[in-house]
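A.B. asks: Dropping a prediction and its sequence here:
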Amino acid sequence: TEPKIKGFVPLLQSWESFYTRNVYRRIRDCWNRPVGSSAGAYIDVIECHSDDYNWSLELTSKQYHVMNFGSYNYLGFSERDGPCAKAAIQSLSDNSIAVSNSRQELGYTHIHRELETKIADFLGVEDAVTFPMGFATNSMNMPCLVGKGCLLLSDELNHASLVLGSRLTGATIRVFKHNNMTDLEKKLKSAITEGQPRTHRPWKKILIVVEGVYSMEGSVVRLPEILELKKKYKAYVYLDEAHSIGALGPHGRGVTDYFGINPKEIDIMMGTFTKSFGAAGGYLGGSKELIRHFRVNSHSSIYAATVPPPVARQIISVIDIIMGKDGTEEGMKRIHQLAWNTQYMRRKLQEMGFIVYGNKDSPVVPFIVFYPTKLAAISRKALEMGLGVVVVGFPATPVIEGRVRLCMSASHTREMLDRTLGILNQLGDELNLKYSRKSLPVF
Ligand code: PMP
């Protein structure tokens, strides 16, 4: 028999079971997600869903071959063949699958140096340092930047890796409304005047943490305004470009390229290699002094193995192609194709009556479903019709803002886009997903 505990804990438990039964059950189908077994424009997926209470994933036996609108393969470089895959295979025979050691323990080879020089050159910053995992690039390095006595201002929609990293710093964290400059300025203003009268600034450092493109919203960070606030309040900016590097800007160099801003104005440029580069890992870019600080002090530099050489080779080849150093127009072709596909999809979905979120140039294209109970049906029906899309619901979004999210890729052909639009049009009619202004649901 369980010991009886009086007070707050049983109250919490009964609240939790009430909540679980009455809310989670109704929306559990939001968690239906396809599981990918390969990348590219098409994907083989096995349907999976969470069971009622323990959230464990239960795989069903159904397997589908579908058009892949779920992966962040923005430039289509996550492909089985092609020049980058060939270079990675070659590297596997020239080197090995892994160096099995950290930067400070002989794990830093000529390939890593080449990769870091290339990425710094691509970003337009003085230096860069790389890590084998994007998530850990944020979560393990942020504590190296700020600590107790510092203030961290974080956008409310920041990724889990940034949230974890922020918490690990030990700094005071304040969250500002998504992309809301009035709220950010209000928080900056109150932060520097707090505890008055004072003769000195109350914080050792103030760090503003934002993303380039927000992966649930499809919004683009208001970078020019953030940089003005940074100067005005003498703060630092940490920019996560996981979804914007390669995917945004006329040369694919992310939000700074998009807004025509000098990348050196950003203190810390972070990004991942899992998306536009079709590989794995992450980077930090900035001044020589700052990058040296990460190389020497970061836990992930000291205690974690470096990027596997074939992965590094894949990334180097992608950068060369994007920058046109391979002597072809392939990189620019893919950047233009992604921009075209994105704008085409957004426009057509809007014309059909879907409520599409985000910036017109963002390759993340979410449309709102409102009713969480519809998400599972959309996911399953889409799979059956040959389309793989990610459906996202509570707690990743507010309960009534469940959404279908399409991630665009340069490898989607016009024929695939039109077929997808046809499927979504049919689903939109069948499941009542199209809303005119008058028919918007009232909650
Ligand atoms: N930052 C952001 C904004 C992300 O969306 C993600 C993952 N999608 C990461 C960091 C972590 O990157 P990775 O998946 O490469 O570990």
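C.D. replies: Thanks, I have the structure now.

A.B. asks: where does the stretch 51-200 of the chain have low pLDDT?
C.D. replies: Along the stretch 51-200 of the chain, segments meeting pLDDT under 70 span 51-61, 195-200.

A.B. asks: Quick check: the residue of it nearest the ligand.
C.D. replies: residue 134 (2.4 Å; C-beta to the nearest ligand atom). C-beta coordinates here come from the backbone N, C-alpha and C atoms, glycine included.

A.B. asks: list the contacts for that residue?
C.D. replies: Contact analysis of residue 134 by C-beta atoms under 8 Å, 6 or more residues apart in numbering lists 161, 242, 271-274, 280-282.

A.B. asks: And stretch 147-156, what's buried?
C.D. replies: 150-155 (16 or more other C-beta atoms under 10 Å).

A.B. asks: need those residues in TSV with secondary structure and distance to the ligand, can you?
C.D. replies: Formatted as TSV, these follow (DSSP: H, G, I helix; E, B strand; the rest coil; distance: C-beta to the nearest ligand atom, whole Å):
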residue	secondary structure	distance to the ligand
150	coil	21
151	strand	21
152	strand	16
153	strand	17
154	strand	12
155	strand	11
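
A.B. asks: Let's see which of the contacts of residue 134 end up in strands.
C.D. replies: 271-272, 282 (DSSP state E).

A.B. asks: okay if I get those as TSV plus neighbour count?
C.D. replies: Listed next are the ones in strands among the contacts of residue 134 as TSV, based on neighbours: other C-beta atoms under 10 Å:
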residue	neighbour count
271	29
272	26
282	26
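
A.B. asks: and the ligand, which of those contact it?
C.D. replies: Among the ones in strands among the contacts of residue 134, the ones lying near the ligand by C-beta under 6 Å from any ligand atom are 272, 282.

A.B. asks: With just CA atoms, put stretch 337-352 into PDB.
C.D. replies: Output in PDB follows, covering the C-alpha atoms of stretch 337-352 (Å, rounded to 0.1, in the frame of the first residue of the first chain):
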ATOM      1  CA  GLN A 337      13.900  26.800 -55.900                       C
ATOM      2  CA  LEU A 338      13.300  26.700 -52.200                       C
ATOM      3  CA  ALA A 339      12.100  30.400 -52.200                       C
ATOM      4  CA  TRP A 340       9.800  29.700 -55.200                       C
ATOM      5  CA  ASN A 341       8.300  26.500 -53.600                       C
ATOM      6  CA  THR A 342       7.700  28.300 -50.400                       C
ATOM      7  CA  GLN A 343       6.000  31.300 -51.900                       C
ATOM      8  CA  TYR A 344       3.900  29.100 -54.200                       C
ATOM      9  CA  MET A 345       2.700  26.800 -51.400                       C
ATOM     10  CA  ARG A 346       1.900  29.700 -49.100                       C
ATOM     11  CA  ARG A 347      -0.100  31.600 -51.800                       C
ATOM     12  CA  LYS A 348      -2.000  28.600 -52.900                       C
ATOM     13  CA  LEU A 349      -3.000  27.500 -49.400                       C
ATOM     14  CA  GLN A 350      -4.200  31.000 -48.600                       C
ATOM     15  CA  GLU A 351      -6.200  31.100 -51.800                       C
ATOM     16  CA  MET A 352      -7.900  27.800 -50.800                       C
END
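
A.B. asks: Can you tell me what sits against it?
C.D. replies: For stretch 337-352, contacts defined as C-beta under 8 Å, 6+ apart pick out 74-75, 247, 356, 360-363, 365, 367, 406, 408-410, 412, 417, 420-421, 424-425, 428, 434.

A.B. asks: Mind listing what's buried along stretch 219-234?
C.D. replies: Per 16+ other C-beta under 10 Å, stretch 219-234 contains these buried residues: 219-223, 226-227, 229-230, 233.

A.B. asks: Spell out whether that stretch and the ligand are in contact.
C.D. replies: No - remark: stretch 219-234 sits outside contact range of the ligand, by C-beta under 6 Å from any ligand atom, the gap being at least 11.0 Å.

A.B. asks: Not counting its own residues, what contacts that stretch?
C.D. replies: 155, 178-179, 181, 184-185, 188-189, 191-192, 201, 206, 208, 210-214, 235-237, 239, 244, 248, 255-256, 258-259, 261, 265-266, 357-359, 361-362.

A.B. asks: Among those residues, which ones are in helices?
C.D. replies: Using DSSP state H, 181, 184-185, 188-189, 191-192, 255-256, 258-259 are the members of these that sit in helices.

A.B. asks: ok, of those, which come out buried?
C.D. replies: Using 16+ other C-beta under 10 Å as the burial test, the ones in helices among the contacts of stretch 219-234 include 184-185, 188, 191-192, 255-256, 258 as buried.

A.B. asks: Quick one: the strands in the stretch 301-443 of the chain, in order.
C.D. replies: 364-370, 387-388, 390-392, 402-407 (DSSP state E, counting those that start in this stretch).

A.B. asks: The shortest one pairs with which strands, parallel or anti?
C.D. replies: Read that as strand 387-388. strand 57-68 (parallel) (DSSP bridges).

A.B. asks: Leaving out sequence neighbours, find the closest residue to the closest residue to the ligand within the stretch 301-443 of the chain.
C.D. replies: Closest to the ligand within the stretch 301-443 of the chain is residue 364: 9.6 Å, counting by C-beta to the nearest ligand atom. Nearest residue to residue 364, sequence neighbours excluded (C-beta to C-beta, 6 or more residues apart in numbering): residue 218, at 4.1 Å.
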